[in-house]
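Q: Fold the following.
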Amino acid sequence: MNTQISRHLQIDNWIFEVKMVRALRVKDYGEPYSAIANISLNGNSAYVDGWMQKDSQQISKEDLQVFKTFCHKMAVTQLSVESKNYGLLKNKVTQESAQENSLLKLA
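A: Numbering: from 1, shown residues only. Coordinates of the predicted model:
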């Protein structure tokens, strides 16, 4: 199941493009969240330019998989994570991601 989400919507003579997304890690919308990320979309690329987690936790393999799934749904083929967030990525996660899928790139 890899259904794409449309990145643009036309209403009359206006086209609305999805260019930026704010992602929240939370079970129910409106509840306090434990992580937040800002994602910029440009063509077939996505760039995570801000990723903060409660209590300076590291980004998990599961978190990265969720972002990869989102990217696939948005027809994104390259996901870059801002270098200042590199410390949040576990080395194991980074190495596995680079080997199993070329989608993830550290910017």
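
Q: got the contact list for Gly50?
A: With contact set as Cβ atoms under 8 Å, 6 or more residues apart in numbering, Gly50 has these partners: Ile36, Ala37, Asn38, Glu82, Asn85. Backbone N, C-alpha and C define where each C-beta goes, glycine included.

Q: Okay, buried residues for the longest helix seen in the chain please.
A: Scanning the chain for the longest helix, with DSSP state H as the assignment, gives helix 61-73. Of the residues in helix 61-73, those buried under the neighbour-count criterion (16 or more other Cβ atoms under 10 Å) are Asp63, Leu64, Phe67, Lys68, Phe70, Cys71, His72.

Q: Looking at these, spot the one nearest Asn42.
A: For the buried residues of helix 61-73, the minimum distance to Asn42 (Cβ to Cβ) is 12.3 Å, reached by Cys71.

Q: Report the two of the contacts of Gly50 separated the most.
A: Taking Cβ to Cβ as the measure, these span a maximum distance of 13.6 Å, between Ile36 and Glu82.

Q: Determine the residues that are contacts of both of these two.
A: With Cβ under 8 Å, 6+ apart, Ile36 and Glu82 have common neighbours Gly50, Trp51.

Q: Cool, thanks, signing off.
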